[in-house]
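Engineer: Need a 3D model of the following:
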Amino acid sequence: MKKYIKLSFFFSLLMLFVACGDDDLEPTLALDKDLNTGINSASDLVSVMNSAYDRMTTGGQSGYYGQGFIMMGEVRTDNAYSTANSGRYTSASMDHASTGYGPWSGIYRVIAICNIVIGADSASLEGDQALMSHTKGQAHAVRALAHFDLLRNYGQHFVSGQGGGNALGVPYIKTYKDPAYLSPARDSAVSNINDIVADLQAGISLMNDSYNVSTSYMTKMGAYAVLARAALYAGAVDNSFYSAAGSAAEWVINNGSASPVSAAGFRASYYTDNAVNSIFEMAMSGTDNPGSNGMAFMLRGTIYGDVRILTGDGPGEDLYDLFAADAATDVRFTANGMLGTSQGLPSVLGKYPTMTGDDNVTVFRIEEMHLIAAEAALRAGDSSKALSYLNNIPNLRRATPYSEATLDNILRERRKELYMEAPGRFYDLVRTGQGMPTIDLVKQMNDDLTGQPPGFGSYRLAYPIYLSELNANPNMVQNSGY
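Structural biologist: Below you'll find the model as predicted:
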């Protein structure tokens, strides 16, 4: 049912299957029904939105939050590498073929479903109008997140000579089955960012916390978290966004229901769906992310195990180096079984612990908001506030607190806290104007013609658009260098 479909054919060819039943807590594929039965009520609208959540869980190398999106945020960097044990994630080389790479089609399928929800005529539907409004608010926020994820993988704003914020972004699709969008052109990166913010503002205004079920669904808290992450990223294009990032992060900290986990509860939080620190997560099941194709098998499985922690003697620090000073106490390291050895290779052990692949995948958690607030305060010149937010994390992890808030220290703490999670080390490097650090060039596989990993501005920092999309859409433009 999860077949590949080009963006330009979405609105005439897309066959949708949506989850049926507003009393279902987990929006998984097993609950789907055919959209052809129609949208006649508030519960039908909820069912359609459930299908958007389901499509966010797709796995595989070009998948979304079910595997590929998270893995590629790490294997291109100094955190992890591909062993090529089964040929997976050799794309860590960043030497992509011009025929295309990445989750382009899958993410636009999510967007298409959101557009169905947003475009539904609530007045003609039976049932709770407030629930319909809340569901449409979820769709706006998820649509914003999906376009943000496309922008940071396909946008040209960090590629040298492409015009910064005026560079090509991605098509921002706001309608379903509109002839004007059958062959969409690419908007600018700045236009994408403004549309993302507008969608999040709309989503926040429409959602009602009384309809919250679990963090497996988008909430106001989740929308503010998306805004915080997206605005932090956008600050590199327009530094006025840093203030918005800080405000959104602090809203989540002060008004959301999530709270940071203690050192004692840190490891257990990865074994718990909808844990207390969760803001928004993907509800996973064996159907969504089966067995040997799951995150755990990719990180340490005996069948695949293609993605491992990168260690080496290069000039850069690997993850083991980062934890060296607090190795005996920091619960994010081997002292708590989070990092270790599997099949003789340095591996992630404590995150995505279930080998059957049915751990929920947390996309946003509250600890990231503290680190975003720290960086926003630092960029605003408030070093005392920045240090307070920054030290909230090591103080909870039995690690040595920092004596000074600097960008390097904040990025260091983000790397220690969020490795192999959805924020992605890759995106922290590019948004702060850095290329890919050197740890071990043999393992990393991503050296360029100079014998080093791609530097900031390299065209290889963005994925190529699929050739099939270019052939089908006369308005589509390929990324620089491909």
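
Engineer: Please list all residues in contact with the residue nearest in space to the middle of the chain.
Structural biologist: In the chain, the C-alpha nearest the mean C-alpha coordinate belongs to residue 422, at 4.2 Å (Cα atoms, centre = their mean). Going by Cβ atoms under 8 Å, 6 or more residues apart in numbering, residue 422 touches 65, 69, 70, 73, 361, 362, 363, 364. (C-beta placed from N, C-alpha, C; glycine too.)

Engineer: want to throw those residues into CSV with secondary structure?
Structural biologist: As requested, the contacts of residue 422 are exported to CSV (DSSP: H, G, I helix; E, B strand; the rest coil):
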residue, secondary structure
65, coil
69, helix
70, helix
73, helix
361, strand
362, strand
363, strand
364, strand
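
Engineer: now the residue nearest to residue 193 when sequence neighbours are not counted: how far from residue 109?
Structural biologist: In space, and not counting its chain neighbours, residue 193 is closest to residue 234: 4.7 Å by Cβ to Cβ, 6 or more residues apart in numbering. Applying Cβ to Cβ, to the nearest Å, the value for residue 234 to residue 109 is 25 Å.

Engineer: Show me where the stretch 151-300 of the chain has its helices.
Structural biologist: For the stretch 151-300 of the chain, the helices defined by DSSP state H, counting those that start in this stretch occupy 189-206, 220-234, 241-255, 266-269, 295-300.

Engineer: Count the neighbours of the residue lying closest to residue 218 once chain neighbours are set aside for me.
Structural biologist: Using Cβ to Cβ, 6+ apart and skipping the chain neighbours, the partner closest in space to residue 218 is residue 138 (4.2 Å). The number of residues packed around residue 138, counting by other Cβ atoms under 10 Å, is 28.

Engineer: Figure out the helix or strand that residue 138 lives in.
Structural biologist: Element membership of residue 138, judged by DSSP states H and E, is helix 129-154.

Engineer: quick one, phi/psi of the closest residue in space to residue 431 that isn't next to it in sequence?
Structural biologist: Once flanking residues are discounted, residue 431 sits nearest to residue 236: 4.5 Å by Cβ to Cβ, 6+ apart. The phi/psi pair for residue 236 (degrees, to the nearest 10) reads phi -70, psi -20.

Engineer: Would you confirm that residue 236 contacts residue 429?
Structural biologist: No: between residue 236 and residue 429 there is no contact under Cβ atoms under 8 Å: 11.1 Å.

Engineer: Go ahead and name everything in contact with stretch 114-122.
Structural biologist: Residues outside stretch 114-122 that contact it (Cβ under 8 Å, 6+ apart): 16, 35, 39, 45, 48-49, 52, 129, 132-133, 135-136, 138-140, 142-143, 146, 173-176.

Engineer: before we move on, the earlier item: return the member of the contacts of residue 422 nearest to residue 481.
Structural biologist: Each of the contacts of residue 422 was checked against residue 481 using Cβ to Cβ; the closest is residue 73, at 20.6 Å.

Engineer: Count residues in the vicinity of the closest one, would you?
Structural biologist: Neighbour count for residue 73, taken as other Cβ under 10 Å: 24.

Engineer: Find the nearest non-adjacent residue to it, please.
Structural biologist: Excluding the flanking residues, the one nearest residue 73 by Cβ to Cβ, 6+ apart is residue 424, at 2.6 Å.

Engineer: hang on, isn't the one you found packed against residue 71?
Structural biologist: No: look at residue 424 against residue 71 with Cβ under 8 Å: they stay out of range, at 9.6 Å.

Engineer: follow-up on the earlier one: hmm, residue 216 and the residue nearest to residue 218 touching each other?
Structural biologist: No: counting by Cβ under 8 Å, residue 216 is not a contact partner of residue 138; they are 11.4 Å apart.

Engineer: so how far is residue 341 from residue 462?
Structural biologist: Here the criterion is Cβ to Cβ. By it, residue 462 lies 35 Å from residue 341.

Engineer: Give me the more crowded residue out of those two.
Structural biologist: Each of residue 462 and residue 341 has its neighbours counted (other Cβ under 10 Å); residue 462 has more, 28 against 13.

Engineer: Nearest spatial neighbour of the more buried one, chain-adjacent residues omitted?
Structural biologist: Of all residues not flanking residue 462 in the chain, residue 479 sits nearest, at 5.1 Å (Cβ to Cβ, 6+ apart).

Engineer: Around the one you found, how many other residues sit close by?
Structural biologist: What residue 479 shows, counting by other Cβ under 10 Å, is a neighbour count of 23.

Engineer: residues contacting it?
Structural biologist: Counting by Cβ under 8 Å, 6+ apart, residue 479 touches 154, 156, 159, 168, 459, 462, 463, 464, 465.

Engineer: For the residues you listed, which single residue is the most surrounded?
Structural biologist: Neighbour counts for the contacts of residue 479 (other Cβ under 10 Å) peak at residue 462, which has 28 neighbours.

Engineer: Does that residue touch residue 154 like I think?
Structural biologist: Yes: using Cβ under 8 Å, residue 462 is in contact with residue 154, at 5.8 Å.

Engineer: before we move on, back to that, quick one: contacts for the residue nearest to residue 431?
Structural biologist: 158, 431, 432, 433.

Engineer: would a markdown table of these with pLDDT and secondary structure be doable?
Structural biologist: Output for the contacts of residue 236, formatted as a markdown table (pLDDT from 0 to 100; DSSP: H, G, I helix; E, B strand; the rest coil):
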| residue | pLDDT | secondary structure |
| --- | --- | --- |
| 158 | 96 | coil |
| 431 | 98 | helix |
| 432 | 98 | coil |
| 433 | 97 | coil |
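
Engineer: okay, these in a markdown table with distance to residue 122 and neighbour count next?
Structural biologist: Formatted as a markdown table, the contacts of residue 236 follow (distance: Cβ to Cβ, whole Å; neighbours: other Cβ atoms under 10 Å):
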| residue | distance to residue 122 | neighbour count |
| --- | --- | --- |
| 158 | 40 | 23 |
| 431 | 38 | 17 |
| 432 | 43 | 15 |
| 433 | 45 | 11 |
